[in-house]
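A.B. asks: Show me the folded form of this:
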Amino acid sequence: MASDEAKNRSAAGAAHCIVLFDGVCSFCNGWVQFLIKRDQRDVFRFAALQSDFAQSLLAAHGVESGEMNSVVAVEGTKLFDKSGAVLHIFKRLGGMWKLLFIFSVVPRPVRDAVYLWIARRRYQWFGKYDSCMLPTDSMKRKFID
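C.D. replies: Numbering: from 1, shown residues only. All right, here's what the predicted structure looks like:
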């Protein structure tokens, strides 16, 4: 998929926050399940980082393939990564979850260091799938690509 097409699909879903996640990571898949269950306002759409769509969307935002290896949030023209992505997602989730956005007062280098420490160990702690998760029929509309 060309990066122009990724931009168009992203623009078409501008009302949605697109969450890119590591499709083979058990922890990341659990995070997606957590968000789907709590997304009462239908804010989120999901795509595995390994998908052509995700790679095109990242390229459209000037991010090299393989540079991102866990969660990324894209909303409109803005891309959020590492701890910034997690905080943005909680903010958009709404309800009591948006209170976690208070952690944005912690300096980004500190937040990102904690995020990267967990991200580097996620396969060891939670495991890894051989392939990306396949959404159930009821979840398919939440996934791109």
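
A.B. asks: what ranges do the strands span in the protein?
C.D. replies: 17-21, 44-48, 72-75, 78-81 (DSSP state E).

A.B. asks: Point out the most buried one among those strands.
C.D. replies: strand 17-21 (a mean of 26; mean count of other CB atoms under 10 Å). All C-beta atoms are positioned from the backbone trio N, CA, C, and that covers glycine.

A.B. asks: coming back round to it: let me know which of the strands of the chain is the nearest to Trp31.
C.D. replies: Of all those, strand 17-21 sits nearest to Trp31, with 6.6 Å by CB to CB.

A.B. asks: what's in contact with that closest one?
C.D. replies: With contacts defined as CB atoms under 8 Å, 6 or more residues apart in numbering, strand 17-21 is touched by 10, 28-29, 31-32, 35, 43-49, 54, 57-58, 68, 70-75, 85, 88-89, 92, 144.

A.B. asks: circling back: a markdown table for the strands of the chain, including distance to Pro109 and mean pLDDT?
C.D. replies: Below are the strands of the chain laid out as a markdown table (distance: least, CB to CB, whole Å; pLDDT from 0 to 100):
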| stretch | distance to Pro109 | mean pLDDT |
| --- | --- | --- |
| strand 17-21 | 22 | 94 |
| strand 44-48 | 27 | 93 |
| strand 72-75 | 18 | 93 |
| strand 78-81 | 13 | 93 |
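
A.B. asks: Of all the helix elements in the chain, which one is longest?
C.D. replies: helix 108-126 (DSSP state H).

A.B. asks: Of all residues in the chain, which one is nearest the centre?
C.D. replies: Val19 (2.8 Å; CA atoms, centre = their mean).

A.B. asks: Please consider this matter closed, and thank you.
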